[in-house]
Each structure stands twice: as structure tokens, then as C-alpha cells.
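Enquirer: Need the 3D shape of this:
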Amino acid sequence: MKLSGPYPLHRDNKPLARRATNIKVANSKTLQRGLSKAVFLSAVALISPLAVLTFGAVPSGFAQTNPTSTQTEANSSKHIQLEGELEILNKDFKDRTEVSYSLKLPNGEHLPMRFAKEPPTHLLTGDHVQAEGDLSNNTLLLYSGSNLKSGGNNGSSSSTSTSSTSGPLPNTFGTQSTLVMLVNFQDDAVQPWTVADVQTMFSGTINNFFKENSYGQTSIAPTVVGWHTIPDSVTTCNTSQIATDAQNAAVAAGVVLSNYTRYVYVFPFDSACAFAGSSTVGGKPSESWINGGATVDFHTIDHELGHAFGLWHSHALNCGTSATTCSNGTSIDYGDLMDTMGTTADWSPDYNAFQKERLGWLGYGASPSIQTVTSSGAYTINAYESGGAGPNVLKVLQSTDPTTGARTWYYLEARQPIGFDAFITANTFPYIQTVTDSVLFHLGTDGNGNSSELIDMTPATATSQQSWDMGLGVGQSYTDSNAGVSITVGSVSSTGATVQITMSGSTTPGSLTTSVTTNQSSYLPGQTVGITATVFSGTSPAAGVNVTATVKNPNGNVTTRKGTTGSAGTALLSYNLAKRAPAGTYQVGANPTSTTSGTAVANAGFTVQ
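Expert: Alright, predicted model coming up:
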């Protein structure tokens, strides 16, 4: 049986410099008309005169917001502070993407949020946040993502860190208990697929995709239920109502929702919804909606579950025919054809290295390693899809933002036709075979989940062909004079690649900076807390640095752990909770010390239930 969708996801261009500007808030959960007086009085604090919002340019492909009407709204609004849980919903249409933000208030209502610029890409659905903005027409208007302050988390966010370099996204390891709910509509009660077919796809193809991408560390354990006819019409599209009615039907059939950490709603094609798929960005439980047809597309499911794990899209950087990187190029949404989060096609390539690093499937714990290059030399990387110790990726600093300190990196991969990447040797595409004879380059920025960019290393190729010879071939060189780095591919084989990297500039040690994270945000007594301290000397990872970590429990007792950073500048430590460990908030501190670069301090925290 072939399972494919009514249409694949489609490409969507937008200017690079504008990628983080206006997005349409297509509210996923209908706010009741007006906040209740009790909620308003208890949650809202008037703090300052109104600030007028001015909206910038809107990226192509994103639904636009009228700046004049927004300013008019602001002129009649009240400046407030609210607290609640964040929800981020991504909808993938065939010709555009819509991302919406809303705030779940203490009374359960969802308040739409709209940003003038730079909506947050470092937070996830379920994060507990404090929002400061202007309330107008039941919408919270915020100037930028900086007006959202993390106030802890609700089980869906990793522990906070003092640095943009942090541990992996939460809930990305182990067995993912996934409830797949097949539903149809009261005026269109068709059943185009059997429960057995969908169960086979999720436990087979979908599960295999995530096992391969995580190098065996993550799996999908599906339970498919249905069919259930819900009291909704196929002529409407209310994702929140579909979710509520699907859950109610599942519970009525004896399903225990709390047994699952991921919900997937699959329904026959609904033209009113029009999207191929939709998903929360992160969340526990995460929620995904699959708008099927005569068949269901496994690629769309892999893509939407990527969002559910916390991933944003993978883009391609287009700088014209004469440059590979630039400051004013075009970022092509769905433009990375070598990543399921970026391709519009029917295949499902592995997620790229920046995405896997965010998930912890590369460069963390037992995952294959990422080697951060800080000096000139010859380096070898394994075939990207293979397991083992690695390194499977080389990481080279491209730039550091002088204002925020956020670092942007080159990620180098050697792709081979292994597993889900086997399609790259297909004869359908005349240039696709060059991928196996080259090294792929991506860009990604610390703390910005929406910054993934595939770089075209042969930009002079005709537009219709450039997507398939994007790698740097054997004997070819790439130089970034601003970064002070030159990269030459020495060889490529079925087992990996060798690369010569030449770095210029001072090697004088810089001052130490550090961050500390825990592998979960909350634990039960008796569990082991994984602590990761990441140390940098200037802009380079600091190896061989002694790190002292402390854990202070709610009673004030302090436990000390010591370690030494490896080549990636990380020290992995552990703290075993007693079986009668007191409940509450635990404070974690990290203090690395270097004879050449001084000391640094970072703090984080976790809870014990």
C-alpha cells in the first residue's frame, strides 16, 4: 500500500533579513468574547502608558497584518502584563506557512498574541511565560519576542540557562508514546484508510525514520484508535475543536489520554483547513493535525512530528549566482531539499545537523559527536547517517553577533545513500548524485531555532539545477574572509569525508563564559540528573577546563560534582536523587576555572515532584 498525501508541502520565498518579522496570528483556539472580569482583574496589571506599535515588512508567503489597523488597535488598547502557558502552532499550506502564538490563561482561555517583529523562536509550546504588551480586541499586541519572559516551564521546556548555548530540547529521547486518532466529520463520515494500515505506517516507516535520525535513541510507539465521527463539519476548520472532539471520542472509547506524550489527529481531506499538516512547536503533550486525502503522506507526518519535537523549518540561503553567503540574500522556506523540515518532495531525508544538535541526537551524551574546529588541520567526519562515536559533523564558527553575543556556525556533513537518504542516488534527478561526492554546508545560530540555512556551494549553476549540486566537491575550496577560515574537501567516500581547514587570526585565549543545563526540567525521587556545563574561551570551546558543579536542594543542602571539559567544551556530570529526595526546586551552579582564561559562573534549576 502506498501512502501519499493530497499534495506535498510547497516552497515559499521570503527575504532573509525579514524572516523574523510579521506573522499572521491565525488563532488556533477561539478566545471567548472578552476576558472574564475576574481573570482580567487577577491577571492584568496596568503598568505604563500605551506604546504605539509599528509593524515592519512582511515576508513573502506569510499572511500579512495591516500596519495601520494594528496601530489603530494599539491606540485603543491597554498596556498590561499577563502570565500563562505559551502555544506555538505551525500550519503548512501548499503555498505558505502560518505560525500563530497564543497565551493560555489560568482560566483555560487562549489569548492570541501578535508580534510587531522578531517573534520568539527560542521558546516552546507549554513554556510558562510572562507577556507584556497591549490588549486590544481580545488580542495581545507585543513589540517583539523580547516582551515574553520565561517564567519557568510546565514540563515542556528544558531548564533555563545563562547562555544561548544550552542542552537539547526536552522530551526527545526514549520511547514516544503516541496516540493517533482517526476521525471523520458528521457530514463526511468516510473512512479512506483502515486502522491497520495507519498502525502499520506509524509502527513501521514513521518509527524507523525517528530511530534512524536519533541513531537508535528515540522511537515512536503508536496506538491508533478510531474511526470516530466527531460533531464537526468538513466545511469548517477549527483545529482546537477537532482536537477536543477527537479526545472526547477517544476517552469515551476507553483511552487514557495521560498515557501518551504526543497526540496526532488524522482526518480525511478537509478543504476548509487546506493545510497539509499542522503542529504545535514542542509541547507535552504535543499535538499534530494531518489533513489526509485518498491516502496519508508519511513525509508530512515526519515533518509535523519534527515540529512536535520542537523544530522549525530548514531554509536555503540564496545569494544569487556569484556568492554563497551574504547579508542581504533570500531565505527560501522549505528550501533545504536535504532535510525533511525543508523539502517539499515525497521523500524524507534526515534532519540536518543543526536540527539534530537541537534535539540532542548529535553532540550530546551517547549521540555521535560534533567536532568543533578551533585550529587549522585535517579533519575526518563519518558518513552522516551512520552511528558510532563520530564525529559525524564538523562545526566551525562563522560569526558572533556584537550585540547579543549569539554565535552562528557552519555545520559540515558528508551524506551518503543510507537509510532514508537512499533517494539521493535516484536517477530521477540529474544532479542529485553530486551530493554523495561532496560535503554539505549549513548555517545555524545559537538560541534561534528558526535559523537553519542550507548553503549552495555552486551558486553559478542554473536555478533549475542548483538544488542538487549544493555541496562542496572534492578538491574545491570555500573561504570566508570575515570568519578567517578556508575549507577544502580532500576526499569523500562511502564512509565519510576528509576536510582541510585553515584558520587565521589570533589564538590568544579569551575570557571564559559558561552555561549549565540539566537533561530534564523535572524529576522523580531516585532518578539521575544529567548536568551539562558548556565552557567557551572567547568564541572557542574551551577543552581541558576543570568544572565544579553544585546542587542545592530545597532544604539548603549542597552537593558538589567535578569534571573536565572535552574537545567540544562540555563537561557531563550526574547527580543521583535519593529515593526520599525532598520535593521542590533545586539550584544548579557551574564554576569552570582556567589558569589562562579565569573563571565563570552559570546557574540553572530543576524541580523534584
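Enquirer: for L454, what are its contacts?
Expert: By C-beta atoms under 8 Å, 6 or more residues apart in numbering, the contact list for L454 reads 314-317, 335-339, 342, 352, 440-442, 470. Quick note: C-beta positions are derived from backbone N, CA and C, even for glycine.
Enquirer: Let's see which of those end up in strands.
Expert: 315-317, 440-442 (DSSP state E).
Enquirer: can you redo those residues as a markdown table with pLDDT?
Expert: As requested, those are arranged in a markdown table below (pLDDT from 0 to 100):
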| residue | pLDDT |
| --- | --- |
| H315 | 95 |
| A316 | 92 |
| L317 | 92 |
| L440 | 96 |
| F441 | 97 |
| H442 | 97 |
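Enquirer: Any of the residues you listed buried? List them.
Expert: Buried members of the ones in strands among the contacts of L454, scored by 16 or more other C-beta atoms under 10 Å, are 315-317, 440-442.
Enquirer: from the residues you listed, which is closest to Q241?
Expert: H315 (32.2 Å; C-beta to C-beta).
Enquirer: A345 - that's part of a helix, no?
Expert: No: going by DSSP: H, G, I helix; E, B strand; the rest coil, the assignment for A345 is coil, not a helix.
Enquirer: Tabulate the ones in strands among the contacts of L454 in a markdown table, adding columns for distance to H303.
Expert: Converted to a markdown table, the ones in strands among the contacts of L454 look like this (distance: C-beta to C-beta, whole Å):
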| residue | distance to H303 |
| --- | --- |
| H315 | 14 |
| A316 | 16 |
| L317 | 20 |
| L440 | 19 |
| F441 | 22 |
| H442 | 18 |
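Enquirer: ok, of those residues, which one's closest to A602?
Expert: H442 (27.3 Å).
Enquirer: quick one: the closest one from V396, how far?
Expert: Distance from H442 to V396, counting by C-beta to C-beta, to the nearest Å: 11 Å.
Enquirer: so what's in contact with these two at the same time?
Expert: Y410.
Enquirer: Can you pull out the residues in contact with the one helix or strand T479 maps to?
Expert: Assessed by DSSP states H and E, T479 sits inside strand 477-480. For strand 477-480, the external contacting residues (C-beta under 8 Å, 6+ apart) are 324-325, 398, 410, 441, 457, 472, 485-489.
Enquirer: Give the next helix or strand downstream of that strand.
Expert: Once strand 477-480 ends, the next helix or strand along the chain (criterion: DSSP H and E) is strand 485-493.
Enquirer: Rounded mean pLDDT for that next one, please.
Expert: Average pLDDT, strand 485-493: 93.
Enquirer: That strand packs against which elements?
Expert: If contacts are counted by 3 or more C-beta pairs under 8 Å, 6 or more residues apart in numbering; DSSP states H and E, strand 485-493 sits against strand 393-400, strand 407-413, strand 438-445, strand 472-473, strand 477-480, strand 496-503.
Enquirer: least trustworthy helix or strand in this structure by mean pLDDT?
Expert: Here the helix or strand of the chain ranked lowest by mean pLDDT, DSSP states H and E is helix 37-43, holding a mean of 34.
Enquirer: Going along the chain, name the helices of the protein.
Expert: 37-43, 67-75, 195-201, 207-213, 239-252, 298-309, 353-359, 463-466 (DSSP state H).
Enquirer: mind putting those helices in CSV, mean neighbour count and distance to T534 included?
Expert: Putting the helices of the chain into CSV (neighbours: other C-beta atoms under 10 Å; distance: least, C-beta to C-beta, whole Å) gives the following:
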stretch, mean neighbour count, distance to T534
helix 37-43, 13, 36
helix 67-75, 15, 40
helix 195-201, 17, 39
helix 207-213, 20, 23
helix 239-252, 18, 37
helix 298-309, 26, 21
helix 353-359, 27, 12
helix 463-466, 12, 36
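Enquirer: Would you mind telling me which of those is nearest V129?
Expert: helix 37-43 (12.8 Å).
Enquirer: F173: which of the buried ones among the ones in strands among the contacts of L454 is nearest?
Expert: H442 (22.8 Å).
Enquirer: Is the closest one in contact with A353, as I believe?
Expert: Yes: applying C-beta atoms under 8 Å, one finds H442 in contact with A353, separated by 6.2 Å.
Enquirer: residues shared between the contacts of the two?
Expert: By the contact definition C-beta under 8 Å, 6+ apart, H442 and A353 are jointly contacted by 411, 413.
Enquirer: pLDDT weak spots in the stretch 301-450 of the chain?
Expert: 427-433 (pLDDT under 70).
Enquirer: and the spatially closest residue to L305 that is not a sequence neighbour, how many neighbours?
Expert: Once flanking residues are discounted, L305 sits nearest to S288: 6.3 Å by C-beta to C-beta, 6 or more residues apart in numbering. Using other C-beta atoms under 10 Å, S288 is surrounded by 26 other residues.
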